[in-house]
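Enquirer: Give me the fold of what follows.
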Amino acid sequence: MRRIHRTRRDWVADLALFLFAACFAAVSSQSIPVPADLDPLWHDVDQVVGGLGCAAVLLRRRWPVALAVALLLAGTYAHYLTGPAMVAVFTVAATRPWKVTAWVAALAFAPLPVFLWSVAELPEDRAGSALTYFALIAGAVGWGLFRRSRQQLIASLRERAELAEADAELRAEWARRETREEIAREMHDVLGHRLSLLSVHAGALEFNPGASGEEMARAAGVIRESAHLALRDLREVIGVLRAGPEEGERPQPELADLARLVAEARATGGRIELTGPPEGPVPPPVVGRTAYRIVQEALTNARKHAPGAEVAIEVTGSPAGGLAVEVRNAPPPRPVPAAGTGGDGDRDEGAGQGLIGLAERARLAGGELTAGPADGGFRVRASLPWPAADIAPAASGS
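Expert: The predicted structure is shown next:
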């Protein structure tokens, strides 16, 4: 048998309904039309049955339907069960499905047609008492239905609030994830280029111990300058992360900064040929920034995986025709050391992550990126949109 666990609030409600049923029976005892020829013993039994009916109200949570049926049927013979019957019918209407409530209500109002048919022949007091009984039962059913509808509404609102809270948490988690990914991409793009220059020159010093003093001084200067720029970029990125939205964002590179990027790479001994960018209108900032990052990552990968190889950069395009960026590197002039053999041997660690980030950048900008081996080397090609109606003003020479 299922055990009913009542809270303190449930006990208070049950006791209150028990007192209501008992008080209703006591108050209405004087107005209940009892036949004058009723046996006094039967009258005492009637009162005892009424008291048991009031006590049975405490069982309404365990057997609400059975209790309601029993009280309604017994109420056709006993005169003090109206209060308990009202409580039982209210409980069924408030806690049981519509179909069950309808069956119990049908049982409660089954005598109504017979009463209406013979109401003219009944004494006035009995007719009034019967009408009051049916009105009270109808009120109990209506109040129970109202209580159930209110509970369902509260449960629905609570569920919607929980779903909204869960959705807000999910959105916040997605926002944090996107922020982390953006930070990771920015750190990779900003520091990968600088650190690859450090790696190239440190490797040159390691594998060329017989270099002249001038060459070593030159390499050491490049290392020092690259380390200084890497630290500066790192401080800028961290500063943006710490700053609030009102303090602005870190200046982002544009397509016009490609010449400076290539000049830095050439200063380290890289053999790089740059074609473009096209003169005239300047693409939107997001397109120019994406193209810059693609070239920057491609140069970093070329230094890591094909050191000393020639690199060709071609940037072409026009408004409404789109912007095309292609970076090709020839095969490396000498074998690349394998991972774990010294020098730049850790170049395979995290391989492909930069290209995945570039493909995501291109996708977010509305374009696409492809990368793969070509003619013994490697080629990265991106197609980016350049809407004709979204043309930034060309930079002036002044």
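Enquirer: Tell me which stretches of the stretch 151-300 of the chain form strands.
Expert: Assigned by DSSP state E, counting those that start in this stretch, the stretch 151-300 of the chain shows strands spanning 272-275.
Enquirer: mind listing the helices for it?
Expert: According to DSSP state H, counting those that start in this stretch, the stretch 151-300 of the chain carries its helices in the segments 213-242, 258-267, 285-305.
Enquirer: Which positions within the last one qualify as buried?
Expert: Taking 16 or more other CB atoms under 10 Å as the basis for neighbour counts, the residues of helix 285-305 that come out buried are 286-305. Every C-beta, even on glycine, is put in place using the N, C-alpha and C of the backbone.
Enquirer: contact partners of the following helix or strand past that helix?
Expert: For helix 285-305, the following helix or strand on the C-terminal side (DSSP states H and E) is strand 311-318. With contacts defined as CB atoms under 8 Å, 6 or more residues apart in numbering, strand 311-318 is touched by 255, 258, 262, 265, 270-278, 281, 283, 291, 295, 298-299, 302, 323-330, 384, 386.
Enquirer: how about a cut-off of 7 Å?
Expert: 258, 262, 270-278, 291, 295, 299, 302, 323-329, 386 (CB atoms under 7 Å, 6 or more residues apart in numbering).
Enquirer: can you give me the angle the helix or strand just after it makes with strand 311-318?
Expert: Proceeding N to C from strand 311-318, the next assigned helix or strand is strand 322-329, under DSSP H and E. Going by axes from the mean of the first three to the mean of the last three CA atoms, to 10 degrees, strand 322-329 is angled at 170 degrees with respect to strand 311-318.
Enquirer: pLDDT value on the closest residue to Leu58 other than its chain neighbours, please?
Expert: Nearest non-adjacent residue to Leu58, counting by CB to CB, 6 or more residues apart in numbering: Asp14, 5.6 Å away. In this model, Asp14 is scored at 77, pLDDT.
Enquirer: Mind listing residues that contact the helix or strand where Asp14 lies?
Expert: Here Asp14, judged by DSSP H and E, is contained in helix 8-28. Outside helix 8-28, the residues that touch it by CB under 7 Å, 6+ apart are Gly50, Cys54, Val57, Leu58, Tyr80, Thr82, Gly83, Pro84, Val87.
Enquirer: Restrict that helix to CA atoms and write it as CSV.
Expert: Only the C-alpha atoms of helix 8-28 are listed here, as CSV (Å, rounded to 0.1, in the frame of the first residue of the first chain):
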residue,chain,number,x,y,z
ARG,A,8,3.0,20.3,7.8
ARG,A,9,1.0,22.4,5.3
ASP,A,10,-0.9,19.2,4.2
TRP,A,11,-1.8,18.4,7.8
VAL,A,12,-3.0,21.9,8.4
ALA,A,13,-5.2,21.8,5.3
ASP,A,14,-6.6,18.3,6.2
LEU,A,15,-7.4,19.4,9.8
ALA,A,16,-9.0,22.6,8.5
LEU,A,17,-11.3,20.6,6.1
PHE,A,18,-12.1,18.1,8.9
LEU,A,19,-13.2,21.0,11.2
PHE,A,20,-15.2,22.5,8.3
ALA,A,21,-17.1,19.3,7.8
ALA,A,22,-17.7,18.9,11.5
CYS,A,23,-18.8,22.5,11.9
PHE,A,24,-21.0,22.3,8.8
ALA,A,25,-22.7,19.2,10.2
ALA,A,26,-23.2,20.8,13.6
VAL,A,27,-24.6,24.1,12.2
SER,A,28,-26.9,22.5,9.7
